[in-house]
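Peer 1: Give me a model of this one.
(2 chains)
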Amino acid sequence: MNKPIRAVSIFCMFLFLALMANVTYVQFVKSSSYNKDPRNARVAEASYSRERGQIIVGDEPVATSKPVDDRYKYLRVYPEAGARMFAPVTGYLQLGSQTGIERSQNAVLTGEDPQLFVTRLVDLLKGETAQGGNVVLTLDAAAQKAAFEGLRDTLGPRGEGSVVAIQPKTGRILAMASYPSYDPNELATHDSAKASAAYKELDADDREPLLNRAIRTRLFPGSTFKLVTAAAAIENGKFHAGDQVPAGATYQPPGTSHKIGNDGRGQCSPAKISFATAMEWSCNTTFAQLAVDVGPEKMRAQAEAFGFNSDYLRDLQGQVQSVYPTGVDVPQSEGGGSRELSLAETAQTGIGQNTVQATPLQMAMVTAAIANQGTLMRPYLVDKVQTAGFNVLRTTEPEVFNEHAVSAQTAGELTQLLEATVDNGTASPAAIDGVKVAGKTGTAQRGDSLCSAGGKPPYAWFVSFAPAEDAEVAVAVMIEEAPDVACGEIAGGQLGGPIAKAVMEAVLKK
Amino acid sequence: MGFVHRRRRGAELFLLVLALIVGIGAYAAVGLGVDGEVPANLIAYGGWLTLLVVAAHVAVRLVAPYADPVLLPVVAALNGLGLAIIHRVDLAKDTGLASQQLTWMTLGVALFVGTLIALPDHRLLARFTYTSGLAALVLLILPMVPGLGTSINGAKIWISLGPFSFQPGEVAKLLLVVTFAGYLVVHRDALALAGRRVVFVDLPRGRDLGPILMMWVVSLGILVLQRDLGSSLLFFGLFLVMLYVATERPGWLVVGALLFFGGATAAYRLFGHVQSRVDIWLHPFADPDGNGYQLVQALYGFAWGGLVGRGLGEGMPQRVPYVESDFILAAIGEELGLTAVMAVLLLYGLVVERALRAALISRDGFGKLVATGLAAVFALQVFVVIGGVTRLIPLTGLTTPFLSYGGSSLVANWVIIAILLRISDQARRPLPDLAADDGGDPDEQSTQVVKVMPEWR
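Peer 2: The predicted structure is shown next:
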């Protein structure tokens, strides 16, 4: 019987080899992917109970960890003063989930990031629990405060809006505010019943306080899109800043009976006016004609040069793309597929209507590119990564997103037009004493009827930069809802201008 | 047979000291990891564990001096590690299973010593061929008796008597090995030689194979009715291996493999619980909070442990349901890492290898068959349960020998080790002078009347 016993022993050996190979696969080959699985509460719980790094703005932490006497040892705390103000950027940490910078920089904050390997090793040798690294943001505390408080005070408790400020030369995001906001401390509490009740309430709120409007809400940009139209016209050699441009009380684009008007602005009525006047009074008839003159392909190329139809923000998840239409869907009954925009549709895009949509971050980028002699920098939020002991491990280098969004010449001409708009036109509320400011208003009609005809209130926009000759800050303000302001009074200049001004002043005071 | 085995009891004692260091050291490490201090009862605990191990060693030294010196230390290490891990889970879940397990271990060691003393020669067991078969069937039927059986986790394989619950399958596997071995050793020639050739296989005559086939079918049927997939697989594999070893015909393996795939397919089609097990196996992450929860948590635990583990007391083994019984390896994997899982697998491998070695050198067919059967049942059980918790094969639910919390399993396994030691003792012991009369191939003896070795006593 020994022969079959030997066969049995070989069979048993294979059984054990299979077990060993399989357990090696689970614990070695697959281990890192299991350990990164967001559903793996074990990993989340462990990182939850470790001293997580700080998120820092300027010299002050906006998210920090406080030792507590419960099973998780550390509670995530967002200092009360700025909790709501910074919440759209910091996000919040909850057991098993996190948002914002807490999420995108999770590896650094927990200390698992390879950059922190040496620190982790030193901690291990010292017998100390490994600490997470710190993340220093590009935000400017004063600008962020001006932006958030500006929105809050202007829009009233039921308002909705957002502000983004960028340093044009680098792409550093100096302010990213979204209103209404929430208190991340309520969500980070270790009392899971309280945390989930707070989340349910915020999630059910119609005003969407959890939404970061700066990167996730795209709306008709209205007249602020005229910057793109003007850039396309100048860049393609159609007109220069000093030229006369076509205008008129109304404009009927080819192939449609629909007329575009000027919202009652008499300055736009002559058939030809100066480019500066057209910008100062935001003449729809002019920009619709410029867009038709440039044509849909070149309009799109110019919009995409500014970042439309692409992803560019790496430091936060969930950025939605801003849209310049790539075509129009043809109904199945007419053969299906897609066709290029008609001239009538192109005319509408020229004034930021049709299906053109932009996020506040996108409009801030358009403005920043013009302010930076036509070079568009990639926007970023993480300035530095540090060890728990504040030693800098990495500093983000500014990165060019598009060297020639427009030429320096075009940028200079656009700047002249925008300065004139602040000096003499609709953007005057953003004027700052002693500083040259360039700016543009936007009031985007929502639906077909105007306020006066009982329609929905419009979206209001305002973009600006200062100092015009060597800009340190470019701002975009977006106002989605301001129910406490009379419908007819909602306009980019009146509502957005003062907020933009406050943010620019906050940056320039330094 | 010029070669004479040495007793090697000193080696066994040395290895036992190592095993005790593993068990007591792990227990102390659990206390350090969880509470930051050595457990208060370490001396009493360690003393008791040492006492048990020494008692087992002394018994072997006295009544089975030639027994294999590796088996006892290996199972002592496994049992000690299991106790420490159960203690670890106790601390996480606020239960007190470790002290119960220590009580069961005490009973197990007592039965181990008792078996060695009561069984001076393993061939005595051959007398109980039919008795143990009947006992196995009765034990297997017991959980189906109303009022006696308890359904745990969907499998109706437990019986409860007052405060005690008992898993008869664990004892039945030992009884079945004895039954199969006793029957096969008597009928192996008839099974191997008499019969008709059908297609490629020589089928034995019905009267030779019939009784044991009946026995096997009935026990399988009971297990299928009780939804105990793991034990069904175990008994099937056991029967096949023993038939193959007894008849030396590989054809049985082919027939068995075909039957297995046929049976597995039929079971998959017929039974919802089999389908759900296979579904969980194939797609554990499809429902990670529901059906797949246990397996997914175990996989996360293994992965979290990685190569060297989180350290005793530093993981979250309590996240895996039933981690103290079927899934105890997940706790070891999480807190002690791949290194310890490999070590545990090697220890199990050693048990199987030592049992098969006893089978190889055993001088009688019955001993060979019992040792092979016990080795096979042990190897299959380890494969099925560890393969299940590491997602190599569908999970079927069996205890991890010596590690898992559970009295019946622990006690039965200690008795199994006692029988293996007895067989190896008989095999390694020098032949008495009268052995010359036996002559020739030891296989020739297999149909002889059981003869008590005179040397003992």
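Peer 1: CA only for contacts and neighbour counts going forward, please
Peer 2: Will do.
Peer 1: before we move on, what SS does residue B:15 have?
Peer 2: What DSSP: H, G, I helix; E, B strand; the rest coil gives for residue B:15 is helix.
Peer 1: Name the nearest residue to it, ignoring sequence neighbours.
Peer 2: In space, and not counting its chain neighbours, residue B:15 is closest to residue B:73: 5.6 Å by CA to CA, 6 or more residues apart in numbering or on different chains.
Peer 1: Residue B:254 and chain A, how far apart?
Peer 2: Counting by CA to the nearest CA, to the nearest Å, the separation of residue B:254 from chain A is 14 Å.
Peer 1: same deal with residue B:218?
Peer 2: For residue B:218, the distance to chain A (CA to the nearest CA) stands at 25 Å.
Peer 1: Can you mark which positions in the one helix or strand that residue maps to are buried?
Peer 2: Secondary structure from DSSP states H and E places residue B:218 in helix B:206-225. Residues of helix B:206-225 classed as buried: B:208-209, B:212, B:215-216, B:219-220, B:222-224 (neighbour count, 16 or more other CA atoms under 10 Å in any protein chain shown).
Peer 1: now for the next helix or strand after that helix, which elements pack on it?
Peer 2: Toward the C-terminus, helix B:206-225 is succeeded by helix B:229-247 as the next helix or strand (DSSP H and E). Here helix B:229-247 touches helix A:2-24, helix B:168-193, helix B:206-225, helix B:251-270, helix B:365-389, going by 3 or more CA pairs under 8 Å, 6 or more residues apart in numbering or on different chains; DSSP states H and E.
Peer 1: can you list the residues of the stretch 1-150 of chain A near chain B?
Peer 2: Within the stretch 1-150 of chain A, the positions adjacent to chain B are A:1-6, A:8-9, A:12-13, A:15-16, A:19-20, A:22-24, A:26-28, A:30-32, A:34-35, A:40, A:42-43 by CA under 8 Å from any CA of the partner chain.
Peer 1: Can you classify the nearest residue to residue A:378 once chain neighbours are set aside as helix, strand or coil?
Peer 2: Nearest-residue entry for residue A:378: residue A:401, 4.8 Å, with adjacent residues in sequence omitted and distances by CA to CA, 6+ apart. Put simply, residue A:401 is strand when judged by three-state DSSP.
Peer 1: what's the residue of chain A found nearest chain B sitting at in phi/psi?
Peer 2: The nearest approach of chain A to chain B comes at residue A:31, 4.1 Å away (CA to the nearest CA). The phi and psi values for residue A:31, taken as degrees, to the nearest 10, are phi -60, psi -40.
Peer 1: Find the residue closest to it in space, skipping its chain neighbours.
Peer 2: That would be residue B:303: by CA to CA, 6+ apart, it lies 4.1 Å from residue A:31.
Peer 1: pLDDT weak spots in chain A?
Peer 2: Scanning chain A for pLDDT under 70 picks out the ranges A:38, A:47, A:96, A:124, A:127-129, A:447-450, A:452, A:510.
Peer 1: and if we set it to 50?
Peer 2: By pLDDT under 50, chain A has no low-scoring segment.
Peer 1: which SS state does the closest residue to chain A within the stretch 1-150 of chain B fall under?
Peer 2: Residue of the stretch 1-150 of chain B nearest chain A, by CA to the nearest CA: residue B:92 (12.0 Å). Secondary structure, three-state DSSP: residue B:92 is helix.
Peer 1: same question, residue A:475
Peer 2: Taken by three-state DSSP, the conformation at residue A:475 corresponds to strand.
Peer 1: which residues touch the closest residue in space to residue B:242 that isn't next to it in sequence?
Peer 2: Leaving aside its sequence neighbours, residue B:242 sits nearest to residue B:373 (CA to CA, 6+ apart; 6.0 Å). For residue B:373, the contacting residues are B:177, B:181, B:238, B:241-242, by CA atoms under 8 Å, 6 or more residues apart in numbering or on different chains.
Peer 1: try 10 Å this time
Peer 2: Shown in contact with residue B:373 (CA atoms under 10 Å, 6 or more residues apart in numbering or on different chains): A:5, B:173-174, B:176-178, B:180-181, B:237-243, B:245, B:355-356, B:359, B:367, B:379.
Peer 1: Show me the helices in the stretch 1-150 of chain B, by range?
Peer 2: B:9-35, B:42-63, B:71-93, B:97-118, B:129-141 (DSSP state H, counting those that start in this stretch).
Peer 1: Next, residue A:386: phi, psi?
Peer 2: phi -120, psi 160.
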